[in-house]
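Colleague: Whatever this is, show me its structure:
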Amino acid sequence: MTQPIRWGILGTGKIAKAFATALRDTPDAKLVAVASRTVDSATKFGQEFGAERSHGSYQALADDPNVDVIYIGTPHPMHYENALMCLNGGKAVLVEKAFTMNRRQAEEIIALARAKKLFVMEALWTRFMPAVVEAKRILDSGEIGKPANVTADFGFTAPYDTGSRLFAPELGGGALLDLGIYPLSMASFFLGPVSGVTALAEMTETGVDMQTVFTLKHEGGTVSSCSCSLRSRTPTELTISGTKGFIRLHDRFHNADALTVTLVDGSSRSERTLHLPKSGNGYTHEAQEVGRCLRAGLIESPVMTHEQTLSIMGTLDAIRQQIGLRYPADR
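Modeller: Residues are numbered from 1 along each chain as shown. You can find the predicted model right below:
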């Protein structure tokens with residue numbers, strides 16, 4: 001594939017606009033089509049971001065022969081249906097996190113992608129940020145010693161509103177799927193697959209979680225402590241600790257431009273800060289990874305593998321079972 005990667009965007013909401021903005025900063029990528037449930041919405045979006053074609057239905061985008069890959073930026077509960085539609089249309093797919101509402105849905109999407117030999121990846125943009133990539137390199141180098149634990153939090157204050165998507169179970173509301181997936185994914189990225197989880201939550205009257213805390217046991221014997229909240233503005237930091245020191249991604253770790261490495265040897269302590277700016281608004285890095293994989297003929301990214309997505313969705317299912325968080329898709 002020598003021509004620019006031809007992108008379609010399914011959905012015209014806030015996250016779709018952020019991704020469309022990022023494509024402008026992505027080498028060898030071109031937004032060629034967009035789809036909404038109405039022609040007017042698609043046309044407005046297409047004009048704003050320079051798409052060649054604007055479709056008034058999602059199916060029309062899935063069937064568009066001049067699209068290589070489709071970014072799905074609809075609300076969580078729509079990802080399953082949208083992804084299957086696009087794969088059946090012969091398109092590679094990048095699905096916004098959370099990938100699906102449960103592991104069962106994720107398994108079906110990945111099985112179809114593998115059967116059709118089409119690329120599919122969960123759009124967990126944080127994994128591809130330069131600061132996170134460098135943190136993983138430092139960890140793997142052994143500089144902070146043998147890794148032992150991760151602590152991570154993500155919280156902002158959202159006024160309780162039963163009419164808001166954040167608190168609507170039918171729209172996949174709650175802190176866990178919107179925010180908790182970041183600490184969970186990062187803990188899994190740095191420490192490996194989860195073998196056990198314990199969770200507690202404060203629930204809302206609508207049945208979704210206002211805030212959740214969970215501890216994880218990883219297959220290698222390490223542990224992590226994670227939290228997410230719609231009630232409070234938390235530090236939103238991530239710390240990876242080892243036997244010789246720790247790596248810290250500071251405020252807004254999911255979108256960090258810097259990290260600090262601290263080494264401790266008895267009474268001696270050294271610290272350095274590395275600045276690793278992201279490209280554009282940050283989403284371009286995951287778009288570049290998709291382009292790299294498509295050009296290499298891969299059906300999954302080695303950075304965000306199918307098995308990792310399935311493992312994360314399974315852990316989310318386990319957390320939800322413990323805190324009593326159920327969605328219509330579970331029935």
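
Colleague: buried ones in whichever helix or strand Leu216 is part of?
Modeller: Applying DSSP states H and E as the criterion places Leu216 in strand 209-218. By 16 or more other Cβ atoms under 10 Å, the buried positions in strand 209-218 come out as Asp209, Met210, Gln211, Thr212, Val213, Phe214, Thr215, Leu216, His218. For the C-beta atoms, the positions are set from N, CA and C on the backbone; glycine is no exception.

Colleague: which two in the residues you listed are spaced the farthest apart?
Modeller: Met210 and His218 (26.9 Å; Cβ to Cβ).

Colleague: Identify all contacting residues around the strand holding Leu216.
Modeller: 155, 160, 174-176, 180, 184, 187-188, 191-204, 223-232, 315, 319, 323, 325 (Cβ atoms under 8 Å, 6 or more residues apart in numbering).

Colleague: Among the residues you listed, name the buried ones.
Modeller: Buried among these (16+ other Cβ under 10 Å): 155, 174-176, 180, 184, 187-188, 191-192, 194, 197, 199, 201, 204, 224-230, 315, 319, 323, 325.

Colleague: Filter those down to just the ones in helices.
Modeller: Residues of these located in helices (DSSP state H): Ala175, Leu184, Ala187, Ser188, Leu191, Thr315, Ile319, Ile323.

Colleague: show me the contacts for the spatially closest residue to Pro130 that is not a sequence neighbour.
Modeller: Nearest residue to Pro130, sequence neighbours excluded (Cβ to Cβ, 6 or more residues apart in numbering): Leu276, at 4.0 Å. Going by Cβ under 8 Å, 6+ apart, Leu276 touches Met129, Pro130, Ala131, Glu134, Asp257, Ala258, Leu259.

Colleague: What pLDDT does the model give Leu276?
Modeller: pLDDT recorded at Leu276 is 96.

Colleague: rewinding a little: of the contacts of Leu276, grab the buried ones for PyMOL.
Modeller: Only the buried entries of the contacts of Leu276 go into this PyMOL selection, using 16+ other Cβ under 10 Å:
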select buried, resi 129+130+131+134+257+259
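
Colleague: Out of the contacts of Leu276, the closest to Ile144 would be?
Modeller: Leu259 (11.5 Å).

Colleague: give the contact list for the closest one.
Modeller: By Cβ under 8 Å, 6+ apart, the neighbours of Leu259 are Ala131, Glu134, Ala135, Ile247, Arg248, Leu249, His250, Thr273, Leu274, Leu276.

Colleague: any idea what it is structurally, helix, strand or coil?
Modeller: strand (DSSP: H, G, I helix; E, B strand; the rest coil).
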